[in-house]
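Asks: Sequence and predicted structure, then a few things I'm wondering about:
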Amino acid sequence: MMPPKTRPVRSLAVLLVLLLTAIVLALFIGPVADASSIIIWRIRFPRVLMGLLVGAGLAASGTVFQGVLRNPLADPFMLGTSSAAAAGVMLAGAFQLGGYSSLYFMALTFALLSILLVYRIAQIEGKAPIQTMILAGVIVSLFFNAAVFVFFSIFYRESFNTLFYLLGTLTEADPTLIGISSVLIAGGLLVCWHLSRDLDILTQGEQTALHLGVEVEKVKKILFAAASCMVAAAVAVAGMIGFVGLIVPHMLRMVVGPNHRTLIPAAALGGAIFLIVADTLARTLVAPIEIPVGALTALVGSPYFVYLLRRRQRYGQF
Amino acid sequence: MSFHLNNVTFSYRNGFRLTNLSLEIPSGSFLGLIGPNGSGKSTLLRLMCAELKPDSGRVLLDGRPVSDFPTMERARQMAVISAEQHFDFPFLVWDVVAMGRFPHLGRMRKTASTDDEIIREALRLTDVERFADRPVSRLSSGERQRVLIARAMAQEPAIMLLDEPDAHLDLHHQLNIFRLLQRLNQERGISLVVILHDLTVAASFCKRLALLDRGQLIRHGPPSEVITPEIIQSVYGKDVIVFRNPVTGLPNVAIGDGS
C-alpha cells in the first residue's frame, strides 16, 4: 500500500492561474474613458495589489487561528482581532503618534491583546469548546467595536473616509502602507508555513501534540503572533474586511485537504482571488457608486457561516 | 526503558492528593493501573508523561527526571494516548499515523521511504490499513482507537502510556485492543502502562497491576495477588465478588447480591 496521493503543486498552480486571471479581469473591467493607462495603472493596479495582499493575509491568518484554536469557525473578524487592530489604528491616528511605526505597533498590540483575551475567556479547565470560543469572540469583538465607535465619535466624526475605512475598503492606496503591510504579511506567511507540521499536530489536541514532540506553548505563541501580525497589517491598509478568513480556508480545505503545508499557501492564493473579485464587484455592481468591499464580504459570509454551523450540527464535522 | 517513581506527592488546588507513591516499572512491563473513579490513576499517568510535575518526590525515566527530557526526545522514547481526542479536521488516517514520525523528522524534513515503511507496518499491525486513505473523522470509535495506537507505534517508542484505550468500546473491540497491546508487549518488547476499569480484562492481559484508592497505592503485584476478594471488596465495596474462572484459572470480578 502506498501513501495516499496528494497533488499540492498542481492545486497551487491552478490557484495561481486563477489569481492571474482575476488580476487581469480586475484591471480591465469597467469604463476607462480616454486616460485608460492612467486609470488602470494608477488607480486599479494599487487596488488589485491591496486586494492580493489583504486577501492573502486574512485568509492565511484565518487558517492559522482555526488550526491553533481547533475551531474551523474561527476568523479574525469573528474573533474580534480585526476590530481590535482597527481600534489600534484609530488611536494611533488620533494622537498623531509619530507616523507609520506607531500605527503598526498599536494595531499589532491591540490584535495580539484581543486574541489572547478570547483565548483566556473561552478556556474552561484547559479546554476551549467551539461554542464558547465563538461567544468569547463575539464579546471581544463587540467590545473593540464599541471602542472603535467611541474613538470615531471623538476624533473623526467629520471624516467620511474613516467611516469607509472602518467598513473595509481598498480605495485608499498609500504606497508606504502597502509596502510595510506586504513585508509583514509575507513574513507572517513564511513563519506560519515553516510551522505547518506543528500546526497539523496541534489540531489533534494540545496534550496529544505535546506527546508527539511539539513544543506546544512556544509554537502557539509564535503562531498567534504571526497571525495577529498579518491581521494588523491587513487592517492597517484596508480596515475591517470580514469573513475572508472563514470562507476561504474552509473551501480550500475541501479541495486540497487539511495539511497546512499546502493549505496555508493555498488559502493565501485563494484569499487574494476572493478579495480581488469581491472588490471588482464592489466597484462595478452599482457603478459609479461604490459599496465598501467589507460590507459585501459580510453579506456573503454570514449565510456561509450559518451553513457551516448547520452542517456541523447535522454531520458533527465541518 | 524503565520508570522509577520515588515518594511522589502531588496535590490539585481542589484538595485531591496523590500521596507518597513509589512504584518500579521495569523495561518490558505490562502494567495495569486500576482503582475506582477519582482514585488518582489519571493523575499518576499525567505525572509519568510530564504533563504534571510532582510537588515532591521524583519521576525518573531511565534514571533521569521525565520533565527534564526535551519534548522531541521524550516523544521518541514515550508515546501517550490520552483520553483527549479531537477529530475536527478531515485528516486522512495515513496522515494521522504519519504524525507519529514528527519526533524523528522534525519540522521540515520530508518523510523518507523508511518512514513510509514504518507507517505502513503500524497500519498493518493495528488492522486499519484499509482505511488509510479515509478521513479519520469518518471512522467508528473502535477504529479510531486503533488509528491512535498506530500513530503511537509510528513513534517507535520504548514505552506507551494509555488512558482507558477501551473507553466506549464493545466487548469485541475491547478484546481486539488488548490482544493488540499484548502483541506489542510480547513481540516488540514495548513497555505498557494502561489505565483500565474492567478488572477481569486487567487480570487477563496485564502482567502486573497497581491498585489505587483515594490517592494512595493500595497494592502492586501480579493480578492473582491484587485481585483477591479481600482487597477488591475493601476498595470497591461488598457488592463485588471475586472468583476463579474455571476455564482460564484467572481471577474474575462480578456483581454479587450484596450479602
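Replies: Happy to help now that I have it. Numbers count the residues shown, from 1 in each chain, chains lettered A, B, ... in the order given.
Asks: could you dump stretch B:174-184 to PDB, C-alpha only?
Replies: The C-alpha coordinates for stretch B:174-184 follow below in PDB (Å, rounded to 0.1, in the frame of the first residue of the first chain):
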ATOM      1  CA  GLN B 174     -12.200  -4.200  23.700                       C
ATOM      2  CA  LEU B 175     -10.600  -7.600  23.300                       C
ATOM      3  CA  ASN B 176      -9.100  -6.600  20.000                       C
ATOM      4  CA  ILE B 177      -7.400  -3.600  21.500                       C
ATOM      5  CA  PHE B 178      -6.000  -5.600  24.400                       C
ATOM      6  CA  ARG B 179      -4.800  -8.500  22.200                       C
ATOM      7  CA  LEU B 180      -3.000  -5.900  20.100                       C
ATOM      8  CA  LEU B 181      -1.400  -4.400  23.200                       C
ATOM      9  CA  GLN B 182      -0.300  -7.800  24.300                       C
ATOM     10  CA  ARG B 183       1.300  -8.500  21.000                       C
ATOM     11  CA  LEU B 184       3.200  -5.100  21.100                       C
END
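Asks: OK, contacts around the most centrally placed residue in chain B?
Replies: The residue lying closest to the centre of chain B (Cα atoms, centre = their mean) is B:L162, at 2.1 Å. Counting by Cβ atoms under 8 Å, 6 or more residues apart in numbering or on different chains, B:L162 touches B:V80, B:I81, B:L181, B:L192, B:V193, B:V194, B:I195. The way it works is simple: take the backbone N, C-alpha and C, and place the C-beta from them, glycine included.
Asks: Show the contacting residues for the closest residue to the fourth one other than its chain neighbours.
Replies: For B:L192, the nearest residue in space outside its immediate sequence neighbours is B:F30; the separation is 4.8 Å by Cβ to Cβ, 6 or more residues apart in numbering or on different chains. With contacts taken as Cβ under 8 Å, 6+ apart, B:F30 has the following neighbours: B:L181, B:Q182, B:N185, B:S191, B:L192, B:V194, B:F205, B:C206, B:K207, B:R208.
Asks: And the second one, how far from chain A?
Replies: Spelled out, it's B:Q182. According to Cβ to the nearest Cβ, to the nearest Å, B:Q182 and chain A sit 22 Å apart.
Asks: What of the fourth one?
Replies: Counting by Cβ to the nearest Cβ, the separation of B:S191 from chain A is 15 Å.
Asks: Angles on the backbone of the residue nearest to that residue when sequence neighbours are not counted, please.
Replies: Nearest non-adjacent residue to B:S191, counting by Cβ to Cβ, 6+ apart: B:I159, 4.2 Å away. Torsion angles at B:I159 (phi, psi; degrees, to the nearest 10) stand at phi -140, psi 140.
Asks: Could you give the bridge partners of B:I159?
Replies: B:M78, B:S191 (DSSP bridges).
Asks: can you pull the contacts of it?
Replies: Per Cβ under 8 Å, 6+ apart, neighbours of B:I159: B:M1, B:F3, B:L61, B:Q77, B:M78, B:A79, B:I190, B:S191, B:L192, B:V193.
Asks: correct me, but B:L211 touches B:V226?
Replies: Yes. Assessed by Cβ atoms under 8 Å, B:L211 is found in contact with B:V226 at 5.3 Å.
Asks: Looking at the two, which is more packed in?
Replies: B:L211 (26 against 23; other Cβ atoms under 10 Å in any protein chain shown).
Asks: ok, residues contacting the helix or strand encompassing that one?
Replies: Remark: B:L211 resides in strand B:208-213, with elements defined by DSSP states H and E. The contact list for strand B:208-213 (Cβ under 8 Å, 6+ apart) reads B:23, B:29-36, B:39-41, B:44, B:202-203, B:217-223, B:226-227, B:231, B:235.
Asks: ok, the closest residue to B:F87 other than its chain neighbours to B:H86 distance?
Replies: Among residues not flanking B:F87 along the chain, B:S137 sits closest, at 4.3 Å (Cβ to Cβ, 6+ apart). B:S137 sits 10 Å away from B:H86, going by Cβ to Cβ, to the nearest Å.
Asks: Strand partners (parallel or antiparallel) of the strand holding B:L211?
Replies: strand B:30-34 (parallel), strand B:216-221 (antiparallel).
Asks: Need the winner for burial among the ones you listed.
Replies: strand B:30-34 (a mean of 25; mean count of other Cβ atoms under 10 Å in any protein chain shown).
Asks: Could you see whether chain B lies near the helix or strand in which A:I23 is found?
Replies: According to DSSP H and E, A:I23 maps onto helix A:8-28. No. Looking at helix A:8-28 against chain B by Cβ under 8 Å from any Cβ of the partner chain, there are no contacts, and the closest approach is 12.3 Å.
Asks: Wait, a strand at B:R58?
Replies: Yes. Assessed with DSSP: H, G, I helix; E, B strand; the rest coil, B:R58 lies in a strand.
Asks: okay, now the residue of the stretch 1-150 of chain A found nearest chain B: neighbour count?
Replies: Among the residues of the stretch 1-150 of chain A, A:P4 lies closest to chain B, at 4.1 Å counting by Cβ to the nearest Cβ. Neighbours of A:P4 under the rule other Cβ under 10 Å: 13.
Asks: Now for it: which residues touch it?
Replies: B:L92, B:W94, B:D95, B:A132, B:D133.
Asks: Settle this for me: the first one is touching B:D133, isn't it.
Replies: So that's B:L92. Yes. The pair B:L92 / B:D133 is scored as a contact, 5.7 Å apart, by Cβ under 8 Å.
Asks: Specify which residue of those two has the higher count of neighbours.
Replies: B:L92 (22 against 14).
Asks: immediately after the stretch of helix or strand A:T63 belongs to, which helix or strand?
Replies: Secondary structure from DSSP H and E places A:T63 in helix A:45-68. Next helix or strand after helix A:45-68 toward the C-terminus (DSSP H and E): helix A:81-94.
Asks: Just checking the distance from that next one to the centre of its chain.
Replies: Centre-to-centre, helix A:81-94 and its host chain are 15 Å apart (Cα atoms, centre = their mean, to the nearest Å).
Asks: Which elements pack onto the helix or strand following it?
Replies: Sequence-wise, the next helix or strand downstream of helix A:81-94 (DSSP H and E) is helix A:99-122. The contact analysis (3 or more Cβ pairs under 8 Å, 6 or more residues apart in numbering or on different chains; DSSP states H and E) places helix A:99-122 against helix A:81-94, helix A:130-155, helix A:175-194, helix A:216-238.
Asks: angle of the second one against helix A:45-68?
Replies: Interaxial angle, helix A:130-155 versus helix A:45-68 (axes from the mean of the first three to the mean of the last three Cα atoms, to 10 degrees): 140 degrees.
Asks: Show me which positions of helix A:130-155 end up buried.
Replies: Neighbour counts over helix A:130-155 (16 or more other Cβ atoms under 10 Å in any protein chain shown) mark A:130, A:132-134, A:136-137, A:140-141, A:143-145, A:147-148, A:151-152 as buried.
Asks: starting at the chain centroid, how far to it?
Replies: Using Cα atoms, centre = their mean, the offset of helix A:130-155 from its chain centre is 17 Å.
Asks: Quick one: mean pLDDT over it.
Replies: Mean pLDDT, helix A:130-155: 86.
Asks: Give the rounded mean pLDDT of stretch B:37-49.
Replies: Here the average pLDDT along stretch B:37-49 is 93.
Asks: same question, stretch A:204-220
Replies: The average of the pLDDT scores along stretch A:204-220 is 92.
Asks: What separation do you get for B:V97 and chain A?
Replies: From B:V97 to chain A the distance is 10 Å (Cβ to the nearest Cβ).
Asks: Counting neighbours, what do you get for that residue?
Replies: B:V97 - counted by other Cβ under 10 Å - has 27 other residues nearby.
Asks: was I right about it contacting B:A154?
Replies: Yes. With contact defined as Cβ under 8 Å, B:V97 and B:A154 form a contacting pair (5.3 Å).
Asks: where are the low-confidence patches of chain B?
Replies: Along chain B, segments meeting pLDDT under 70 span B:258-259.
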